[in-house]
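Participant: Build me a model from this:
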Amino acid sequence: MGLRPLHYQLTRVAISLGADNPLVKWLLRLECRRHGATLRFSDHVLDVCKGNRVIRISAKHFVYARDMARSFDQYFGQVVPTSRDGVLIVDYSYPHLQRYSKANLDFELSSFPEEEQTIESYFRWYRPRPGDTVFDMGAYCGISAYYLSKCVAPSGKVYAFEPDPVNYFLLRRNIERHALLNVVPLQIAVAGSDGRAQLCSEGALGSFLSGRMTRATVGHLEEVPTISLQGACERYGVPAFAKIDIEGSEIEVLSSSRAFLREHSIQFALDTNHWVNGALTSSKVEALFADCGYEAESSKEFGFMTTWARKRP
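Facilitator: Take a look at the predicted model:
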């Protein structure tokens, strides 16, 4: 058993025991100390602390405490903290309005922030242009949709797919907040076929279709409508650019649309930092694109595995 499958199994056990279990608390504290952070438990929240800086998360998201400690500066620096008695706190424990530090923009977030650096990395091979139709598949609360909206200008269109009910509600609110008239929110999961499926809804960045479970989850099941990539193109038009961040479902989405992709040219940027069958999805995604006449490249230079693809000349 590799390290990732072992970590998956241990996380499942931890979820079954719960955040109040003494062993789980001990292990979480141990993991956070390995990354120079301390952990404080309260009734409904966990505080990951470094000096006078605190990242607060919901107790139900306790399995993410290790990630918060490991990438503390990255998560802490995304939004403007509040100051309480000399302590700086970024609070991801409940849905509320946050201000992004770099862009100075307000968004309601369900929990963890979608990183601005992540969005910029998607444009490595292609930046959408005025008039383009683009797909934001896995739109979360709408931060990426905001930037895509500005790229395509009023003459373009952004179709933002987000199946998680909490995230979708905030996606709509953020579209209204920023008057993104060229963004169409769609509460649909992108999958291998049109129909319905069970979604593990976490009310966070990591919600995913239960049949494609790539990791342990603290979510609950919600039935949601699904659409294939080909189905989305037939319904909304073939996009110039598609950003795909769908927690491991990218393999089946591309597999089911191979014949369609061989006949059409789309610029892609995908989050392939997802573990399926003991390996990141990037290598399989690259192979699928090659089979469709696309060139593809993956890189972890932005801190997570990203794959870009485009039709070969």
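Participant: what ranges do the helices span in this structure?
Facilitator: 3-17, 22-34, 65-70, 72-76, 116-121, 143-152, 165-177, 229-236, 250-256, 258-263, 281-291 (DSSP state H).
Participant: Return the most buried member of those helices.
Facilitator: helix 143-152 (a mean of 23; mean count of other CB atoms under 10 Å). Any C-beta I mention is one placed from the backbone N, CA and C, and that applies to glycine too.
Participant: what angle separates it from helix 165-177?
Facilitator: Here helix 143-152 runs at an angle of 40 degrees relative to helix 165-177 (axes from the mean of the first three to the mean of the last three CA atoms, to 10 degrees).
Participant: Could you check the pLDDT of L10?
Facilitator: Note on L10: pLDDT of 57.
Participant: Repeat that for C200.
Facilitator: As predicted, C200 sits at a pLDDT of 76.
Participant: ditto for R212
Facilitator: Model confidence at R212, given as pLDDT, is 50.
Participant: again with H61
Facilitator: Reading off the model, H61 has pLDDT 87.
Participant: tally of neighbours for it?
Facilitator: H61 is flanked by 23 other residues according to other CB atoms under 10 Å.
Participant: I'd like the helices of the chain as a markdown table, with distance to I89 appended.
Facilitator: Output for the helices of the chain, formatted as a markdown table (distance: least, CB to CB, whole Å):
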| stretch | distance to I89 |
| --- | --- |
| helix 3-17 | 25 |
| helix 22-34 | 16 |
| helix 65-70 | 13 |
| helix 72-76 | 9 |
| helix 116-121 | 20 |
| helix 143-152 | 21 |
| helix 165-177 | 21 |
| helix 229-236 | 40 |
| helix 250-256 | 35 |
| helix 258-263 | 46 |
| helix 281-291 | 35 |
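Participant: Could you name the stretch from these that's closest to P130?
Facilitator: Closest to P130 of the helices of the chain, according to CB to CB: helix 143-152, at 6.1 Å.
Participant: Leaving out the residues flanking it, which one is nearest to V253?
Facilitator: L229 (5.2 Å; CB to CB, 6 or more residues apart in numbering).
Participant: what about stretch 134-151, average pLDDT?
Facilitator: Averaged across stretch 134-151, pLDDT comes to 97.
Participant: got the contact list for H220?
Facilitator: Shown in contact with H220 (CB atoms under 8 Å, 6 or more residues apart in numbering): C200, S201.
Participant: Report the beta-bridge partners for it.
Facilitator: S201 (DSSP bridges).
Participant: could you measure it against L28, distance?
Facilitator: Distance, H220 to L28, by CB to CB, to the nearest Å: 22 Å.
Participant: Please enumerate the strands of the stretch 51-200 of the chain.
Facilitator: Assigned by DSSP state E, counting those that start in this stretch, the strands in the stretch 51-200 of the chain fall at 53-58, 82-84, 87-92, 96-99, 106-109, 133-137, 157-161, 183-186, 189-190, 195-201.
Participant: between the ones you listed, which one is nearest to R258?
Facilitator: strand 189-190 (15.6 Å).
Participant: neighbours of the residue nearest to A189 when sequence neighbours are not counted, just the number please.
Facilitator: In space, and not counting its chain neighbours, A189 is closest to P163: 3.8 Å by CB to CB, 6+ apart. By other CB under 10 Å, 27 other residues sit near P163.
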